[in-house]
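Trainee: quick check, what structure comes out for this input:
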Amino acid sequence: MPDFENLTLDIDKRGVARLTLNRPDRHNALNAALIADLALATAQLAADVSVRLVVLGGAGCSFCAGGDIGWFRDTLALDRAERVAQSADLGHMLAAFAHLPKPLIGRIHGPAYGGGIGMIAVCDVTIGAHVARFGLTEVRLGLIPANISPHVIARIGAARARATMLSGETFDAEHAERIGLLDRVVPDSDLDAALDGVVAAHLEAAPGAVAATKALIRDVEATLPADHVALTSERLADAWDSAEGRSGIDAFLSRQTPPWRSGK
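Mentor: Model prediction:
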């Protein structure tokens, strides 16, 4: 893995990758350089077979404050085509996270606004500290939450997206949990213990089956109900035919530990 200018990345012997936004002096706000680093890191994590899951967090006191003010200033100097291309870079990066074939667990220790909400929305599981605050504040700048909207709507639903996006009002961690942005809120001092529990649970699962299940969820949602039986029957047959499926069922029947749990 290369050294990143705006990120830190550590992978432990279990295959747990910790990807941390590392612009603490700017509250981990997104700019072109950070977006490029995130896109590169996501591609490498997806391809690295030693990585079982990814924990996404932020350095300093914030998770991610949204768009960097300097980035906004630079955007004013661009023409329309350049703005569209810059916006697309953000959209492609978020989509890469959403399609990561491994569990993506959000460690939300502090405030998240705008694009930071988008970074939370692409996570599979999100654990937040009580102190964290949130806001989809784009409309208060005269802008719209465009690139993040597909992921935020998928996470919290259209009705709750309207209730949060249209006013730009900030809200606390408990409200974030009620609307589904966070899966769990814990006291600040308990955040890492709660995260460790989530990580341990995910390490019990077979990596290939996890990747296939993430794809299944996405494809079922995009498929007409009339096609669900055909789709799911084929996918289950694929799982039975896989090396993981064969070894997992064999381990279950023989009361042995499957290889992804034993470290073999």
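
Trainee: rest of the way, CA atoms for contacts and neighbours
Mentor: OK.

Trainee: pull out the buried positions in stretch 167-185.
Mentor: Residues of stretch 167-185 classed as buried: 168, 173-174, 176-177, 179-182, 184-185 (neighbour count, 16 or more other Cα atoms under 10 Å).

Trainee: and if you look at stretch 205-220?
Mentor: Of the residues in stretch 205-220, those buried (16+ other Cα under 10 Å) are 206-210, 212-214, 216.

Trainee: got TSV for those, with distance to Ala251, secondary structure and pLDDT too?
Mentor: Conversion of the buried residues of stretch 205-220 to TSV gives the following (distance: Cα to Cα, whole Å; DSSP: H, G, I helix; E, B strand; the rest coil; pLDDT from 0 to 100):
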residue	distance to Ala251	secondary structure	pLDDT
Ala206	12	coil	97
Pro207	16	helix	96
Gly208	16	helix	96
Ala209	15	helix	97
Val210	18	helix	97
Ala212	20	helix	97
Thr213	20	helix	97
Lys214	23	helix	97
Leu216	24	helix	97
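
Trainee: and which of those is nearest Leu21?
Mentor: Checking those against Leu21 by Cα to Cα gives Lys214 as the nearest, at 24.1 Å.

Trainee: which residues does the closest one contact?
Mentor: 99, 101-102 (Cα atoms under 8 Å, 6 or more residues apart in numbering).

Trainee: same check, this time on Val54
Mentor: Per Cα under 8 Å, 6+ apart, neighbours of Val54: 16-19, 102-105.

Trainee: so which of those belong to helices?
Mentor: When DSSP state H is applied, these are split such that none fall in helices.

Trainee: closest one of these to Gly91?
Mentor: Distances from Gly91 to the contacts of Val54, taken by Cα to Cα, are shortest for Leu104, at 17.4 Å.

Trainee: longest helix anywhere in the chain?
Mentor: Longest helix in the chain, counting by DSSP H: helix 80-98.

Trainee: and that one, what's its mean pLDDT?
Mentor: What helix 80-98 shows for mean pLDDT is 96.

Trainee: go through it and flag the buried ones.
Mentor: Applying 16+ other Cα under 10 Å to helix 80-98 flags 86, 89-91, 93-98 as buried.

Trainee: now stretch 50-69
Mentor: Neighbour-count burial for stretch 50-69 [16+ other Cα under 10 Å]: 50-60, 62-68.

Trainee: hang on, the earlier thing: which of the contacts of Lys214 has the most neighbours?
Mentor: Lys102 (25 neighbours; other Cα atoms under 10 Å).

Trainee: for it, which non-adjacent residue is spatially closest?
Mentor: Leaving aside its chain neighbours, Lys102 sits nearest to Leu53 (5.3 Å; criterion: Cα to Cα, 6 or more residues apart in numbering).

Trainee: for that neighbour, what are its contacts?
Mentor: 15-17, 102-105, 199, 202-203.

Trainee: out of these, what pair is the most spread apart?
Mentor: For these, and using Cα to Cα, no pair is farther apart than Gly15 and Ile105, which are 13.6 Å apart.

Trainee: which of these two has more neighbours?
Mentor: Ile105 (23 against 16).

Trainee: in the protein, which spans are helices?
Mentor: 32-47, 69-76, 80-98, 115-121, 149-156, 158-165, 173-178, 191-202, 207-221, 228-241, 243-253, 259-262.

Trainee: who wins for proximity to Arg133 among those?
Mentor: Using Cα to Cα, the helices of the chain put helix 173-178 closest to Arg133, at 5.9 Å.

Trainee: so which elements touch that closest one?
Mentor: strand 133-135, strand 184-186 (3 or more Cα pairs under 8 Å, 6 or more residues apart in numbering; DSSP states H and E).

Trainee: good, we can wrap up now.
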